[in-house]
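Participant: how would this look folded up:
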Amino acid sequence: MTTSAGQRPDTEHIDVVIVGAGLSGVGAAYRLQTECPGRSYAILEARDSMGGTWDLFRYPGIRSDSDMFTLGYPFKPWRDAKSIADGPTILRYIKETAAEFGIDRHIRYRTKVLSADWSTREARWTLTLERTDEATGEAVRSTLTCDFLYSCAGYYNYDRGHAPDFPGLDSFAGTVVHPQFWPEELDYKGKRVVVIGSGATAVTLVPAMAGQADRVTMLQRTPTWISAVPGRDKIADKVRSALPAGVAHRAVRTKNILFGIGFYQFCRRRPQAARKLLTRLNTRMLKDEQAVREHFTPSYNPWDQRLCAVPDADLFKALKTGRAEVVTDHIDTFVPEGIRLKSGKVLEADVVVTATGLQLLAFGGITPEIDGRPVELSRQFVWRGAMMTGVPNFAVCIGYTNASWTLRADLTSRLVCKVLNFMDRNDYAAVVPEPGRPLAERPLLDLAAGYVKRSIDAFPRQGDRGPWKVRQNYVLDAATTMRTNLRRTLRPTPRAAVRGGQHVPGREPERAPAGVPGQDRAHTRAEAAK
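Facilitator: Predicted structure coming up:
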């Protein structure tokens, strides 16, 4: 426990606080303890177990939509047989990683960050925490200070999913569930199920439930691009049988990264050719041109929205057996026996699953404050997909939209370690990124998906050039991120300017007011530090 002038002696201080004990948080902890071994850290997890997404979601068939050789950690070879893995297997992998490297000893469960206030005078964060007692359920508040805050909580709301206001819902006589809050006691065996949605969750649920339900109907307003992928990577199996685990993992990971980027670039540069390819492959799987034309040929181009992967074509197989169907129509109203569509057709249902998407939430609900003033996130710009203008000593983990989340997450964690070591070498108490000239504003997540459009205005922005542009290309990011010249962009506060919690007059660089990116101010301190 460390204290300084102006700080209460009973307030605990930690060098780095990681928010979230999911896939990103555990990976961040590994990088921190291996690349910055002299720094103390803690992981604060609001829930009572680790795993994040893979612990929260319990719906039937929950699985990755990326291959595990890229979704898994580069430092922990994926050894399971399946390349597209189910949720429980991924959760076990995360827990094994945390235990193997001693990361689990740093996790504080049932601890939610209510607020985070940066003190310019003390050059540190004060976190207000709420910890729920496991035995009594009583919530107790406390404070914790840290030098650096790293949000690995993802970008969606764990407490609420997107729930449209369906007309007549109260009249429905059956059961309505949302995949994010799947009831363990739900019995759908032999029942009629309607899954509302066409995204990754819906295309996962339909084949998983079709094995037990009487009939499963996927009700979609518009089609989504879907691509069948092998559930097991045969090339990976051969490579793993011939090479040591670590070497094989790197080789297969490289293969899959290059294939993923290549296919994405093909879709973006030759959209008409990509449309024809996916349509032809889906027709070959389903053997019904009319069905593919009506239900699996969107108006938008591939990768305008995230492509849905179906391992071993399980969705198409379920449709061919007749135990599942797809209906493309709009909901008119719920009725006691099911859902009446705009076309007049009634879909009879005992269970309705509203796979209607996620609700975005920046930084796990934390709105950073600077000296008591909330930061206007929508006026900030993100640097290297990791740090943010106007907010010192703060980083956020944002994954790729066109590839495995972990690819960028691991790069970001390595960059955070580079920044921390840069601060130590130069005796800086704080750093904040600043562009040298104005940036053209773009959405942080450049996807046309509904869940993105609904909430993205509340997030910080990306710029139009260089390190301020959040690229969707791992190869370019891997080649440039760790070669970043930190002196060119990060404006530092020397530690000598923060002594015992007091300012040293004339020593602190000009600070950007909260909510102002500071993009039109020269970063003279950074230039002088070159």
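Participant: who's in contact with Asp464?
Facilitator: 439-440, 442 (CB atoms under 8 Å, 6 or more residues apart in numbering). Using the backbone N, CA and C atoms, a C-beta is placed for each residue, glycine as well.
Participant: nearest to Arg250, of those residues?
Facilitator: Among the contacts of Asp464, Arg442 lies closest to Arg250 (CB to CB), at 33.5 Å.
Participant: give me the nearest residue to that closest one, chain neighbours excluded.
Facilitator: The shortest distance from Arg442 to any non-neighbouring residue, by CB to CB, 6 or more residues apart in numbering, is to Gln462 (5.1 Å).
Participant: one more: Asp410?
Facilitator: Nearest one to Asp410, counting by CB to CB, 6+ apart, is Gly27 at 5.7 Å.
Participant: who's in contact with Thr97?
Facilitator: Taking CB under 8 Å, 6+ apart, one finds 26, 30, 73, 76, 103 in contact with Thr97.
Participant: tell me the pLDDT at the last one?
Facilitator: Ile103 carries a pLDDT score of 98 in this model.
Participant: can I assume it is in contact with Arg31?
Facilitator: No - with contact defined as CB atoms under 8 Å, Ile103 does not count as touching Arg31 (10.6 Å).
Participant: the two: who's more crowded?
Facilitator: Ile103 (25 against 21; other CB atoms under 10 Å).
Participant: with adjacent residues omitted, what lies nearest to that one?
Facilitator: Here the residue nearest Ile103, using CB to CB, 6+ apart, is Ala29, at 4.4 Å.
Participant: so the one you found touches Asp104, yeah?
Facilitator: No - the criterion here is CB under 8 Å, and Ala29 misses it with Asp104 at 9.3 Å.
Participant: more neighbours: these two, which one.
Facilitator: More crowded of Ala29 and Asp104, by other CB under 10 Å: Ala29, with 27 against 16.
Participant: tell me the pLDDT at that one?
Facilitator: For Ala29, pLDDT reads 98.
Participant: helix or strand: which one has it?
Facilitator: Element membership of Ala29, judged by DSSP states H and E, is helix 23-35.
Participant: for Ala42, give the beta-bridge partners.
Facilitator: Beta-bridge partners recorded for Ala42 (DSSP bridges): Val17.
Participant: show me what contacts it?
Facilitator: 14, 17-18, 106-108.
Participant: for Arg47, same thing?
Facilitator: Residues in contact with Arg47 (CB under 8 Å, 6+ apart) are 55-56, 109-110, 158.
Participant: now do Ile196
Facilitator: By CB under 8 Å, 6+ apart, the neighbours of Ile196 are 202, 219-220, 331, 352-356.
Participant: what does Ala116 give?
Facilitator: 125-128, 149, 366-369.
Participant: still on that earlier bit, of the contacts of Arg47, which belong to helices?
Facilitator: Counting by DSSP state H, those place 55-56 in helices.
Participant: from the contact counts, what lies against the strand or helix carrying Asn282?
Facilitator: Using DSSP H and E, Asn282 falls within helix 271-286. Counting contacts by 3 or more CB pairs under 8 Å, 6 or more residues apart in numbering; DSSP states H and E, helix 271-286 is packed against strand 226-229, helix 245-269, helix 289-295, helix 314-321.
Participant: what's the helix or strand for Pro302?
Facilitator: Judged by DSSP H and E, Pro302 forms part of no helix or strand.
Participant: share the number of residues neighbouring it, please.
Facilitator: Residues within reach of Pro302, counting by other CB under 10 Å, total 22.
Participant: same thing with the one 10 residues further on?
Facilitator: One way to gauge burial is a neighbour count; for Asp312, by other CB under 10 Å, it gives 15.
Participant: lowest confidence element among the helices and strands of this protein?
Facilitator: The weakest-scoring helix or strand in the chain, judged by mean pLDDT, DSSP states H and E, is helix 524-528 (a mean of 33).
Participant: identify the residues contacting Arg270.
Facilitator: By CB under 8 Å, 6+ apart, Arg270 has no neighbours at all.
Participant: from Glu434, how far out is it?
Facilitator: Distance, Arg270 to Glu434, using CB to CB, to the nearest Å: 39 Å.
Participant: repeat that for Gly466.
Facilitator: According to CB to CB, Gly466 stands 13 Å off from Glu434.
Participant: so the two - more neighbours on which side?
Facilitator: Glu434 (23 against 15).
Participant: Leu415: which element?
Facilitator: In this assignment (DSSP H and E), Leu415 forms part of helix 405-426.
Participant: check what pLDDT the residue nearest to Arg442 gets.
Facilitator: 87.
Participant: ok, it touching Arg471?
Facilitator: No - using CB under 8 Å, Gln462 is not in contact with Arg471, being 9.1 Å away.
Participant: who has more neighbours out of the two?
Facilitator: Per other CB under 10 Å, whichever of Gln462 and Arg471 has more neighbours is Gln462, with 23 against 17.
Participant: list phi and psi for the more buried one.
Facilitator: phi -110, psi 160 (degrees, to the nearest 10).
Participant: same check, this time on the one 5 residues further on
Facilitator: Here is the backbone geometry of Pro467 (degrees, to the nearest 10): phi -70, psi -10.
Participant: quick one: contacts for it?
Facilitator: By CB under 8 Å, 6+ apart, the neighbours of Pro467 are 383-384, 484, 489.
Participant: about what we covered before: give the contact list for the residue nearest to Arg442.
Facilitator: 381-382, 385, 442-444, 446, 468-470.
Participant: just the closest of those to Glu96, please.
Facilitator: Once CB to CB is applied, the member of those that ends up nearest Glu96 is Gly385, at 27.7 Å.
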